[in-house]
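Sharing a model that was predicted from the sequence below.
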Amino acid sequence: MALFPFSVFAEAFAPSNRRGSRAAAFPTDVVNDSFLSPFEAARTTTAASTTSATAIEPNGSNDRRLTRSDLNKMTIKELKSYILENDMEIPRGEASQLKLKKQIVDFIWGYCNDNGNHNASASGNVNGGDDAYEEDDADDVNGESTISASDPDQTIASNSEEVIVDLSAHANGESNDRIDRTDAGPARRKPSKRSMGTGMPPLSTTLSATATKEPRKSSKSYNLTPKDRIVLDVLQIYPPLYDAMIAAYREDNDIDDDHPPLLDRDIDLERFCDISSLNYKVPDDIGEGDIRHRYHPILRKAAPTDMDIVFVGTASCTPGVTRGVSCTAVRLNWRSGRTALGEGQERKMTTKEKGVVEERGPTGGTWLFDCGEATQLSIQRTSSVKPGKISKIFITHCHGDHSFGLPGLLCLMGTDRDRDAPPVDIYGPEGLRMWLRVAIRYSVSRVVPPYRVHELMDVPMAPEWEEGHLKNGRYYFQLSRDRDLIGNGGKGNNSKGWSGRGTRGLAGEDPASWISRAPMINLEPSKDFGEIEGGRDIYPLYDHPDAVDGAPVWEVEDEGDVVVRAAPMSHGVPCVGYVIQENDKPGRLRPENVTPVIQRNYDGLIEAGVKNPMKIMAVVKSLPVGGSYTFPDGTVIHQEDVVEPPRKGRKIVICGDTADSRALEGLAQNADVLVHEATNTYLPGVDKDTNLRLVTKDAKVHGHSTPFMAGNFAKRIKAKKLVLTHFSARYKGDQSIESITIMTRMERQAMKASGLREDTVACAWDYMVLPVQQTDKS
C-alpha cells in the first residue's frame, strides 16, 4: 500500500511563511489539529498568502534565515561544499559554468528559491501544481498557452479560504461534512538532508530530535497545495491505498495493532506526510485483482456486456516491468456463447442472450489491435485473452512496439489452436505480408496456425510530413504546416492535402522503402509455414462519404454484424487508425406479451397448419415496423407492442500513433469509446526546464499526442468515453500512489480538453477490461 509521493509532498507541505519559497506561490489549505481526510479532499479551497524572496529560512532549522549577503560571505570552497552536502542537482552542461563565486551564489539562490528549477523562464509556470497552470492552459488545450517568465525574487500572491476537516471521519468509515474556519499559521516540518520543497537547505544535515520514533502530538496546522489535493483525491478514490498509509504509519511509530483506529489527534502530520520515513506496500495483483478495477470511476458502475476492450499493453517504445507495449483486444463475447465478467470469470448465457447469438451467427472471437514486442508473454499473464480465441489481428503501422510481437504470438496461437480452425486474418499497411513471411521462414516457425494477410494499400503520409534533405526515407513533421500553430487557414497546411503526393502512398514516393522493395522479393507463400491463399489488397477510397480533409478511407472488413474501417494517421511512417462499427440490431422480442396469446390459440394454430405454435414468436419478431399478426381468435398483435425499438450499434475507435487524428473524424463521430494515444505531457512540479507548449511541440515532431490533444479530438467526435494509452516509459503502470497520481493528473488534462466527466475518462493500465455498454436507441 502507498503513501504520498515524495516529489509531491516534500515540497507541498513546507511552511508557507518562508519568504521566497515556492509554497508561497500556491494557494494553500490550512488544516488545524487534523489531517485532511481524503473523503473531504474535493471540498477544500485555497488560503491566502503573500511573500517575498528577500531571505530564506533553512527547512525545519532553528538557524536564522540566510540571505544573499550570507552566501556572498562564504568562500568558493564553502559554497561548493554547501551544494554537495545538500544534494543540489546541477543540470547537465551547467557544472562547467559554475566557476566564479557570483555564478555559484546565483545558482544556490535561484535553486533554493525555485525548488531546483533555477531557469524559471525555461520552465514556464514554476508553481508546480495542476491549478498553477490551469489558467494558462484554459485558452488552448493543444499547447498554445502563453508561458510567462518568472523571477524567483518577485512576489507572488494568491487569495483563498482556509478549511478544517477531520481525519476521524475516514477512520470511522464516515465522511465529515462539517467545515470550520480558522486563521492558524503554518506547521513546521522536520529538517531533512535536502529540501525538496522550498527554502534554503539546512547548513547541518543532522536530523533533529523531531525525527525520532517517539509518538508525538499532531501538528497544529498543515498547509495543503494543489498537488496535495490531487493525491488526497486519489486516496479518496482508492481506500486500500489510504489503509496502507495508516498501516505504514502504525509500523513506523511502533503502534500496536490492538490500538483503536487512528484519529486526527493521534497522527503526527509532519511524519505522516514525509514519504521518505514510511515504507508502504504497493498492491501487485493484476486483472480483476488490481485495485483500479474495483475503484476507478470509469469501472465503478460498469456492468458486464457482450462487447468489451482488454488493454493488454499500454506502453510505447519498449516493454517494461509495469507495462507491456501496444496491444488492445476487442472481445466479441456474443460469438463465443459466453458473457465475460472479467478476469478468469465467465458464465453461460441466458436464454435471452442466446437469442442474440442466434441473430448474429456462430463465428467470432477476439480481435487484437497491434501486437508489440513480448505480447505473447503479456497474454499468458492474463486469462482475459485466450490465444486460441484470437481470430483477427489489426496492425496500425510498422514500428516495433506495434508489430514485433506478431511472429511470436502466431507461434503461441499455433500451440493452442485446432489445425482445422478458420485461418487467422491479419490486416495492416502495405509491406506487412512479406515482412511476416520473411520472419516466419527465417525462423523456420512451422508451428504457426494457418493465416492470411490483407494489406491496406497506398497509405499516404500526412501532408505535414516531409522527407528530410538527405532523401534517406526519413520523414519529419513540419511545424510550419501544423494547423494548431498557424490556424486552419495557415499557409501550407492543406497546400498538398492527403492526395497531393499522388495516390500510391509511400510506395510511390520513396523507391528505397521496404514498401517499395517488398514486391521485388522472390519468396512465395507456403502452407508449411502457415500462410494460405486469400489475402486481399485493400485500396483506399478518396470519395468515401465519411472521408474528411481529403484523406482516404479503407473498407477493411465487413462481417455482416460488425464492420471495420480505417483512415490514415499523422505519423512518421504510414499509419492508420481503425473504427469498429457494430451494425444496428433489431429490437428484442417481449415474450411476456406474446406467449399468453399463443397458448390461448394453441389448438387453433395447430388446426391452421402450424406444427409448432411457439415458432409464431419468430414470425412476430420478424414483422416489419408497423406490421401486425392476427391469431385464430381474432387477437391482433402489432409489432411495436411486442418488439423493443431497434438498438443502435456500438462504435469503438482505436487510433494508431498520431500527431493529428483529423482523418478519422468522419468515421469516428459519436464513438462509444475512443482509445487514443497520449505518449507524453507536461506536469508542473514534475517536469523541469520545459512547459506545455514545448512538450506539445516535441510530441508532434515525434508523431505523438498529449492528453490535451486526445481530449480535444474526443470533443470533436463527441466520444462518450475516452481511454488514454501508449504512455512513455517514464510513466509507470503499477498501483503505487505515485503512479496513480500521475495518471490522475493526465486524466484531468484530458477531461479539461474534452469536457467529459471523471467516470468517462481513464488512463489505461495493463489488463484493464472496459465493457462497451449499449447506450442508445436508434
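Received, thanks.

hey, let's count contacts and neighbours off CA atoms from now on
Noted.

Show me the strands in the stretch 401-550 of the chain, by range?
Ranges of strands in the stretch 401-550 of the chain, per DSSP state E, counting those that start in this stretch, are 424-429, 451-456, 465-467, 475-477, 537-538.

Of these, which is nearest Tyr767?
Closest approach to Tyr767 among the strands of the stretch 401-550 of the chain (CA to CA): strand 424-429, 22.5 Å.

Go through the closest one and flag the buried ones.
Val424, Asp425, Ile426, Tyr427, Gly428, Pro429 (16 or more other CA atoms under 10 Å).

could you check the angle strand 451-456 makes with it?
Angle of strand 424-429 versus strand 451-456, following axes from the mean of the first three to the mean of the last three CA atoms, to 10 degrees, is 20 degrees.

Now strand 424-429: average pLDDT?
Throughout strand 424-429, pLDDT has a mean value of 97.

Kindly check the end-to-end length of stretch 531-547 for me.
With CA to CA, to the nearest Å as the measure, stretch 531-547 spans 33 Å from end to end.

One more: stretch 291-308?
From the first residue to the last, stretch 291-308 extends over 19 Å; the measure is CA to CA.

quick one on the thing from earlier: columns distance to Gly414 on top of the strands of the stretch 401-550 of the chain, output as JSON lines?
As requested, those are exported to JSON lines (distance: least, CA to CA, whole Å):
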{"stretch": "strand 424-429", "distance to Gly414": "10"}
{"stretch": "strand 451-456", "distance to Gly414": "10"}
{"stretch": "strand 465-467", "distance to Gly414": "39"}
{"stretch": "strand 475-477", "distance to Gly414": "37"}
{"stretch": "strand 537-538", "distance to Gly414": "25"}
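
Which one of those lies nearest to Leu523?
strand 451-456 (14.8 Å).

Any buried residues in the lengthiest helix in the chain, and which?
Ranked by residue count and defined by DSSP state H, the top helix of the chain is helix 737-754. Using 16+ other CA under 10 Å as the test for burial, helix 737-754 gives 737-738, 740-754.

Mind listing residues that contact the following helix or strand past it?
Downstream of helix 737-754, the first helix or strand assigned by DSSP states H and E is strand 761-763. Contacting residues not belonging to strand 761-763 are listed as Ile298, Lys721, Leu722, Val723, Leu724, Thr725, Met743, Thr744, Met746, Glu747, Ala750, Met751 [CA atoms under 8 Å, 6 or more residues apart in numbering].

hang on, the earlier thing: and of the strands of the stretch 401-550 of the chain, who's closest to Asp641?
Nearest to Asp641, of all the strands of the stretch 401-550 of the chain, is strand 424-429, at 42.1 Å by CA to CA.

Name every strand pairing with the closest one and say which way it goes.
strand 390-394 (parallel), strand 451-456 (parallel) (DSSP bridges).

Now render the ones you listed as TSV, adding mean neighbour count and mean pLDDT.
Converted to TSV, those look like this (neighbours: other CA atoms under 10 Å; pLDDT from 0 to 100):
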stretch	mean neighbour count	mean pLDDT
strand 390-394	22	96
strand 451-456	22	98
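
count of neighbours near the closest residue in space to Pro449 that isn't next to it in sequence?
The spatially closest residue to Pro449, leaving aside those adjacent along the chain, is Gly414, at 4.6 Å (CA to CA, 6 or more residues apart in numbering). Residues lying near Gly414 (other CA atoms under 10 Å) number 20.

Same question for the one 3 residues further on.
Counted with other CA under 10 Å, the neighbours of Arg417 add up to 17.

roughly how far apart are it and Ile426?
Separation of Arg417 from Ile426 (CA to CA): 16 Å.

What is the three-state secondary structure of Phe311?
On the three-state scheme (DSSP: H, G, I helix; E, B strand; the rest coil), Phe311 is labelled strand.

what about it, distance to Pro429?
As judged by CA to CA, Phe311 and Pro429 stand 22 Å apart.

Alpha carbons of stretch 248-257, in CSV - could you do that?
This file holds the C-alpha atoms of stretch 248-257, laid out as CSV (Å, rounded to 0.1, in the frame of the first residue of the first chain):
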residue,chain,number,x,y,z
ALA,A,248,2.8,2.1,7.4
TYR,A,249,2.4,4.9,9.9
ARG,A,250,1.5,2.4,12.7
GLU,A,251,4.6,0.4,11.9
ASP,A,252,6.8,3.4,11.7
ASN,A,253,5.6,4.7,15.1
ASP,A,254,5.5,1.3,16.8
ILE,A,255,1.8,1.5,17.3
ASP,A,256,0.2,-1.9,18.3
ASP,A,257,-2.5,-3.4,16.1
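
Among the buried residues of strand 424-429, give me the pair with the biggest separation.
Across the buried residues of strand 424-429, the longest distance by CA to CA is 16.8 Å; it joins Val424 and Pro429.

The strand or helix carrying Leu241 relative to helix 737-754, how many degrees between them?
Leu241 belongs to helix 239-252 when assigned by DSSP H and E. Angle, helix 239-252 to helix 737-754, by the same axes, to 10 degrees: 150 degrees.

before we move on, back to that, I'd like the strands paired with strand 424-429 laid out as JSON lines, including distance to Val444.
Shown next, in JSON lines, are those (distance: least, CA to CA, whole Å):
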{"stretch": "strand 390-394", "distance to Val444": "21"}
{"stretch": "strand 451-456", "distance to Val444": "16"}
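
Out of these, which is closest to Pro568?
strand 451-456 (10.3 Å).

Please enumerate residues in contact with that closest one?
The contact list for strand 451-456 (CA under 8 Å, 6+ apart) reads 423-433, 530-540, 554, 556.

buried subset of these?
The neighbour count (16+ other CA under 10 Å) marks 423-433, 530-532, 535, 537-540, 554, 556 as buried among the contacts of strand 451-456.

What segments of the stretch 601-750 of the chain are helices?
Using DSSP state H, counting those that start in this stretch, the helices found in the stretch 601-750 of the chain span residues 602-607, 616-621, 639-642, 692-701, 707-717, 737-754.

will you turn the ones you listed into JSON lines that also has distance to Ser326?
What follows is the helices of the stretch 601-750 of the chain, written out as JSON lines (distance: least, CA to CA, whole Å):
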{"stretch": "helix 602-607", "distance to Ser326": "58"}
{"stretch": "helix 616-621", "distance to Ser326": "43"}
{"stretch": "helix 639-642", "distance to Ser326": "45"}
{"stretch": "helix 692-701", "distance to Ser326": "18"}
{"stretch": "helix 707-717", "distance to Ser326": "17"}
{"stretch": "helix 737-754", "distance to Ser326": "17"}
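
any chance of these in TSV, with mean pLDDT and distance to Asp546 too?
Shown next, in TSV, are those (pLDDT from 0 to 100; distance: least, CA to CA, whole Å):
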stretch	mean pLDDT	distance to Asp546
helix 602-607	91	49
helix 616-621	90	33
helix 639-642	90	32
helix 692-701	96	25
helix 707-717	98	13
helix 737-754	95	22
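
Specify the stretch among these that is closest to Asp290.
When the helices of the stretch 601-750 of the chain are ranked by proximity to Asp290, the top entry is helix 737-754, at 12.1 Å, counting by CA to CA.

what does that closest one contact?
Residues from elsewhere that reach helix 737-754 (CA under 8 Å, 6+ apart): 2-5, 130, 141, 230-231, 234, 241, 681, 683, 707-715, 724, 731-734, 757-758, 761-763.
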